[in-house]
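Enquirer: Return a 3D structure for these sequence lines:
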Amino acid sequence: MDTCAHIIVSGMVQGVGFRYFTMRIARKMQLTGWVRNLPGGEVEIEVEGPRGLIESLIKDLRIGNTWAQVTDIDVQWSSYSGKYTGFDITY
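Expert: Numbering: from 1, shown residues only. Below is the predicted model:
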């Protein structure tokens, strides 16, 4: 069953390619949504797709890419809307 997750990733996640890392994994999993930097230094993600795939994405986000240091991930689940056609970096 498809669902939606709103995710906030904290730590050293800006200026280290984390948004591109997230986009690459999400696209590979055929998830839809977006990723962006927040003014406070966090990265915000809204993603839709099968819950199991989103949970796999979250596991990858916890590890991060080579230069990132993830300290916390907050996930809020909500209903699937189907409003996204792909997964992109937004500003």
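Enquirer: going forward, measure contacts and count neighbours with C-alpha atoms only.
Expert: Fine.
Enquirer: now the helices for this structure?
Expert: 18-28, 51-63 (DSSP state H).
Enquirer: Point out the most buried one among those helices.
Expert: Mean neighbour count, computed with mean count of other C-alpha atoms under 10 Å, is highest for helix 18-28 among the helices of the chain, reaching a mean of 18.
Enquirer: residue contacts, the residue nearest the centre of the chain?
Expert: For the chain, the residue nearest the mean C-alpha position is I45 (4.1 Å; C-alpha atoms, centre = their mean). I45 makes contact with A5, H6, I7, I8, G33, W34, V35, R36, according to C-alpha atoms under 8 Å, 6 or more residues apart in numbering.
Enquirer: what's stretch 21-32 in contact with?
Expert: Taking C-alpha under 8 Å, 6+ apart as the rule, stretch 21-32 contacts 34-35, 47-50, 53-54, 57, 61, 64-65, 84-89.
Enquirer: now swap in stretch 77-91 and tell me
Expert: Stretch 77-91 has contacts (C-alpha under 8 Å, 6+ apart) with 2-6, 19-20, 23, 26-27, 30-37, 47-49.
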